[in-house]
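Undergrad: just the structure for this:
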Amino acid sequence: MGCFEKDEYGGRIMIMYVESSLFDSPAQVLVNPVNTVGVMGKGLALQFKQQYPEMFTNYPRFCESGALTVGKLYLYKTPGKWVLNFPTKKNWRNKSQLAYIEVGLQKFVATYQEKGHRIYFISTVGCRQWWS
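TA: Residues are numbered from 1 along each chain as shown. Purely as a prediction, here's the structure:
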């Protein structure tokens, strides 16, 4: 199932809702919901850590340095895809915050076209762990 949205240039953007493993997706970019303290201990973030362990080696450093905070995104290149680490909460112990997701989506919309990627797989970020 899907629907069409208009982008700022009047072009159509297809939005599809799919129930499958995002790791099997043909998307160019996979979105990983993360916290900003450098822990990928459960849920989808843990699956990304297991799938792309080399990505995880940089992630804690980005968090510690402040390079990855709410409203900032960490794009990582893998051999076949890109992974977009998307903060949905500050601490892994907390629930995802809708306001953080909104700020991240604003940053995403402001930058996705300049990157040249056309197909993204965005899970229902923050929905598994609920939000406040």
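
Undergrad: report the beta-bridge partners for the residue nearest the centre of the chain.
TA: For the chain, residue 31 is the residue whose C-alpha lies nearest the centre (Cα atoms, centre = their mean; 2.9 Å). On the basis of DSSP bridges, residue 31 is bridged to residue 84, residue 122.

Undergrad: would you mind measuring from it to residue 82?
TA: Remark: distance between residue 31 and residue 82 (Cβ to Cβ, to the nearest Å) = 10 Å. Quick note: C-beta positions are derived from backbone N, CA and C, even for glycine.

Undergrad: right, and the residue nearest to the centre of the chain touches residue 86 too?
TA: Yes - using Cβ atoms under 8 Å, residue 31 is in contact with residue 86, at 5.2 Å.

Undergrad: one step back: how much space separates the residue nearest to the centre of the chain from residue 109?
TA: 13 Å.

Undergrad: who's in contact with the closest residue to residue 104 other than its chain neighbours?
TA: Leaving out its chain neighbours, the residue that sits closest to residue 104 by Cβ to Cβ, 6 or more residues apart in numbering is residue 86, at 5.2 Å. By Cβ atoms under 8 Å, 6 or more residues apart in numbering, the contact list for residue 86 reads 31-34, 73, 104, 108, 125.

Undergrad: which of the residues you listed sit farthest apart?
TA: 34 and 108 (13.8 Å; Cβ to Cβ).

Undergrad: higher neighbour count, the two?
TA: Remark: of residue 34 and residue 108, residue 34 carries more neighbours, 29 against 17, as counted by other Cβ atoms under 10 Å.

Undergrad: how far away is the closest residue to the more buried one other than its chain neighbours from residue 19?
TA: Computed as Cβ to Cβ, 6+ apart, the closest residue to residue 34 that is not its neighbour in sequence is residue 85, at 4.8 Å. Separation of residue 85 from residue 19 (Cβ to Cβ): 23 Å.

Undergrad: out of these two, which sits in the more crowded spot?
TA: residue 85 (26 against 5).

Undergrad: how about the closest residue to residue 35 other than its chain neighbours, what does it touch?
TA: Among residues not flanking residue 35 along the chain, residue 92 sits closest, at 4.5 Å (Cβ to Cβ, 6+ apart). The neighbours of residue 92, taking Cβ under 8 Å, 6+ apart as the test, are 35, 37, 39, 41-42.
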